[in-house]
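In: Have a look; sequence and predicted model below, questions after that.
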Amino acid sequence: MRIAVCMKQVPALSDGGMDEKTGTLIRSGQKAVPNIYDLSALEAALRSRESAEDENFAIDVYTMGPKSAEALIREAYAYGADHGYLICDSKFAGADVLATSYTLARAIRENGPYDLVFCGKQTTDGDTSQVSAALAKWLELPSFSGVTDVRIIQENGKDRIYLKQRLDDRVLTLKAGLPSLIAVEKETFPARMPSLKLRLRAGKKEITRIEAGSFRPESGGIKEKEYFGQKGSATRVIRIFPPERAEKHPVAELDGKEAGKQILDIWEGLGLRKERNHDFEERARDSGLS
Amino acid sequence: MGNRKIMPMDERFQEYLSDESKLTGWADAIAFPENEEELIAVLKENAGKPVTIQGAKTGLAGGAVPEGGLVLNLSRMNHVLGVSKDPENPEITVEPGINLEELDKIIAREFPKKAYFWPPSPTETTASVGGVAATRAKGINACYYGGTENYISSAKLTLLDGTSRILPKEEILGSEGILGVISWLTLKLAEKPACVWGVSFFFKDEKEAFAYAEELPRYQKTEEGAALYAMEYMDRATIDLIGHYKSGMTRISMIPDPPEDASALIYLEIGGTEDAVEELAGTLMELADARGSDADEAWAVTDDAGITAARSYRHASAESANLFVEEARRTEPAITKLGTDISFPGRSFGEIVGIYENGLKENGLKGCIFGHISEPCPHVNILAKDIAEYEKGTALLREWSKKFWETDRAAAPEHGIGKLKRRFLCEESLSGIRKKYRDAKTELDPDNCCNRGDVFPEGERFR
């Protein structure tokens, strides 16, 4: 059994700034960490391996990013991944969901076939939750999102998967054939702690680098470079701005009479109708506030 | 809420009558000064009456719990007063109410080009800097960096009459607020190590864990580019207690449980250059393996988030013991935290833990033991379910105090004496501690108005 796990390195703080010109995340100066949702995808893959009696069970990790994203693969090795592929080329930079999923699909197809592809639900920087479904489309695989349980089972001598899928108002229990793509829920696959022994080995393990030129030409003679990076992206960010926040107002502690007077002043300031103020004054008088 | 104003104590301020010791007190009034000027105005207005100083109320000895008079809460005195960017001597001057988490962020903001930090490292990161100084809390990295006194270059003490003194820091640090109010402190910063790993080893046999602990000090200072920055211990009872309360602790709820057959956990932080840290981690793994700790089960985190999580797990040991006390208090309000945290320089860690374990067993009491391997300073918490166990536990703490005073002259608890530990320390050991402050008290606070009930009895006067 072979499993591919897609992972991404993200800024340690999800409130990092955006470059207003390019509409992309400013990553410089921010520490990079594995996307926490992808650690759950890796955990799901590790659990599958532990429950399978298969000596040839292999877990390959794929990540797209700069050279520094090697650190993510080494981290994945510390958790138990067998092999890592770094998809790294300036031609891949600035990719949106479409271009990212296409590039990941090309790398996975190039090194496949895989029985299962695991993804996290979303990333903490992009937050689109769409890469897994787009990847399944490019790979022409059945796709299951919101997965809270996954087990590899045998039926009529064939490997299949048993899944629990969380939908808005129900949980689906289903079986599916292989290969398939699964996007897992973070809560049901909390990542284990990375192992010291594996971490010490991680530094010496090989990482395979994949560049734009690494791919064999696609059949059909498509101009593939137009599918990569910013060129291959279907979306452009026009403007990034923080949402408006309510202004902070001081909290005043007043007695009833003073509070009533101030409320009336505010109403008047807002141009509310005068008779409404009279109503309020009458009620305030009745209740002993004035 | 006015700040200068002294407000009568009413139900809005109930939370200011207690701290992490779970003692609850009473007070007549409360004030939240926002700067030194307001602090002095409040003190002058309150002249002649008792004052209890509060920081973040994270203390374990009840030092911030009032017994009448004014509660002086300093949490709003949380401003930066100055920064020295001299690369040879980076410093930051702050008011006492800043907490350790905020301080970390401020240092990162003020020193964007180089990674500095303030080395005192209590795992309670919501503790205030003033509280750390007042109790001389040192945290888990003290085995490498030394005590808190090394990282405070000066401090100002404001007396209850509103006048101020610049005293030698040795007199202010650890004085638990019984002399006056620390109105600002200048903190010395250190450069962060290039690389830190947090490693947890699990031992099936606690005796093997103790033997491993004995081997660690030689890696505290090395010439090899890496050293141990923290050495912490947790027994099985602590691990179980954390497991019981973990789901309610957001910072650690996702950390998996340690192996079921683990009798003890030893958490190490290894700092230095990347290659040297890796090499030392390998050496420590081999040593642990030889002591029966399964290398496949050891955890290793290497990024800030991982280290924070590992430290939160260590901190959960104290937090879980406090939650146990909180639960017991629902049926028996007289129960308080029953713990001690005495250091024993020169003794072996396992020997001290053994004394605590035997004491618990002989008295039919349950407890949990965790703490610093260096010095050594194991913290023991007796988990009393009812008043009979509480009384037995109190007597046992006093017995230990007397025994350790006689054999080691070991007295000063790491987290201060406050009001609570006065009950647990023997007279001889208390006299030793009080002697240190008697002259200063006579000069600065003869009517014992400042943190009355902490260290000295309520009724004691110094005229």
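Out: Looks like it came in fine.

In: Can you tell me who the residue of the stretch 1-150 of chain A found nearest chain B pairs with across the strands?
Out: Using C-beta to the nearest C-beta, the single residue of the stretch 1-150 of chain A nearest to chain B is A:Val33, 5.7 Å away. From N, CA and C alone the C-beta is placed, and that goes for glycine too. Beta-bridge partners for A:Val33, by DSSP bridges, are A:Val10.

In: who does the host helix or strand of A:Ile59 touch, helix- and strand-wise?
Out: For A:Ile59, the element it lies in under DSSP states H and E is strand A:58-64. For strand A:58-64, the packing partners by 3 or more C-beta pairs under 8 Å, 6 or more residues apart in numbering or on different chains; DSSP states H and E come out as strand A:2-7, helix A:36-51, helix A:70-79, strand A:83-87, helix A:97-111.

In: Could you look over these and pick the most buried one?
Out: Neighbour counts (mean count of other C-beta atoms under 10 Å in any protein chain shown) averaged over each of these peak at strand A:2-7, with a mean of 26.

In: I'd assumed B:Leu189 was in contact with B:Asn150.
Out: No: using C-beta atoms under 8 Å, B:Asn150 is not in contact with B:Leu189, being 11.5 Å away.

In: which one of the two has more residues nearby?
Out: B:Leu189 (21 against 14; other C-beta atoms under 10 Å in any protein chain shown).

In: and stretch A:53-63, average pLDDT?
Out: Mean per-residue pLDDT for stretch A:53-63: 91.

In: what about the residue nearest to A:Asp125 when sequence neighbours are not counted, how many neighbours?
Out: Take A:Asp125 and drop its neighbours on the chain: the residue closest to it by C-beta to C-beta, 6 or more residues apart in numbering or on different chains is A:Val10, 4.5 Å away. Residues lying near A:Val10 (other C-beta under 10 Å) number 24.

In: what sits up against the helix or strand hosting B:Tyr437?
Out: Element membership for B:Tyr437, per DSSP H and E: helix B:427-444. Helix B:427-444 is contacted from outside by B:159, B:165, B:171, B:175, B:178-180, B:401-402, B:404-406, B:409, B:411-412, B:417, B:422, B:425, B:448, B:450, B:455-456, B:462-463, using C-beta atoms under 8 Å, 6 or more residues apart in numbering or on different chains.

In: quick check: mean pLDDT across that helix?
Out: pLDDT averaged over helix B:427-444 gives 88.

In: ok, and for it, which residues are buried?
Out: B:429-430, B:433-434, B:437, B:440-441, B:444 (16 or more other C-beta atoms under 10 Å in any protein chain shown).

In: Check the offset of it from the chain's centre.
Out: 22 Å (C-alpha atoms, centre = their mean, to the nearest Å).

In: Residues of the stretch 51-200 of chain A that sit close to chain B?
Out: Contact residues (C-beta under 8 Å from any C-beta of the partner chain) of the stretch 51-200 of chain A with chain B: A:75, A:78, A:190-197, A:199-200.

In: I'd like to know which of those is nearest to B:Phe370.
Out: Distance to B:Phe370, by C-beta to C-beta, is smallest for A:Met193 among these, at 18.5 Å.

In: Name the nearest residue to that closest one, sequence neighbours excluded.
Out: Sequence neighbours aside, B:Trp299 is the residue nearest to A:Met193 in space, at 3.8 Å (criterion: C-beta to C-beta, 6+ apart).

In: what's the one you found in contact with, if anything?
Out: So B:Trp299 contacts A:193-196, B:198-200, B:310 (C-beta under 8 Å, 6+ apart).

In: So what sits opposite it in the bridge?
Out: Here B:Trp299 sits in beta bridges with A:Ser195, B:Ser200, going by DSSP bridges.

In: For the stretch 151-300 of chain B, which residues are neighbours of chain A?
Out: Contact residues, the stretch 151-300 of chain B versus chain A (C-beta under 8 Å from any C-beta): B:199-200, B:254-256, B:278, B:281-282, B:285, B:295-300.

In: Need the buried ones from those residues selected in ChimeraX.
Out: In ChimeraX, this line selects whichever of these come out buried by 16+ other C-beta under 10 Å:
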select /B:199,200,255,278,281,285,295,297,298,299,300
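
In: Name the weakest-confidence residue in the residues of the stretch 151-300 of chain B next to chain A, if you would.
Out: Taking these together, the minimum pLDDT is found at B:Met254 (85).

In: host element of it?
Out: Using DSSP H and E, no helix or strand contains B:Met254.

In: Grab the nearest non-local neighbour of it.
Out: A:Pro190 is the one closest to B:Met254 (C-beta to C-beta, 6+ apart), at 4.4 Å.

In: Please determine how far the one you found is located from B:Tyr313.
Out: Plainly put, A:Pro190 is 14 Å away from B:Tyr313 if you go by C-beta to C-beta, to the nearest Å.

In: These two: who's more crowded?
Out: B:Tyr313 (26 against 14).

In: Break down the stretch 101-250 of chain A into its helices, ranges please.
Out: A:131-139, A:196-202 (DSSP state H, counting those that start in this stretch).

In: again, but for chain B
Out: B:36-45, B:100-110, B:129-135, B:142-145, B:169-172, B:206-215, B:236-245, B:274-290, B:304-331, B:349-362, B:387-408, B:427-444 (DSSP state H).

In: Low-confidence stretches in the stretch 151-290 of chain A?
Out: Flagging of the stretch 151-290 of chain A using pLDDT under 70 yields the residue ranges A:219-223, A:240, A:242, A:273-290.

In: For it, just list every one of the strands.
Out: A:158-166, A:171-177, A:180-184, A:207-210 (DSSP state E, counting those that start in this stretch).
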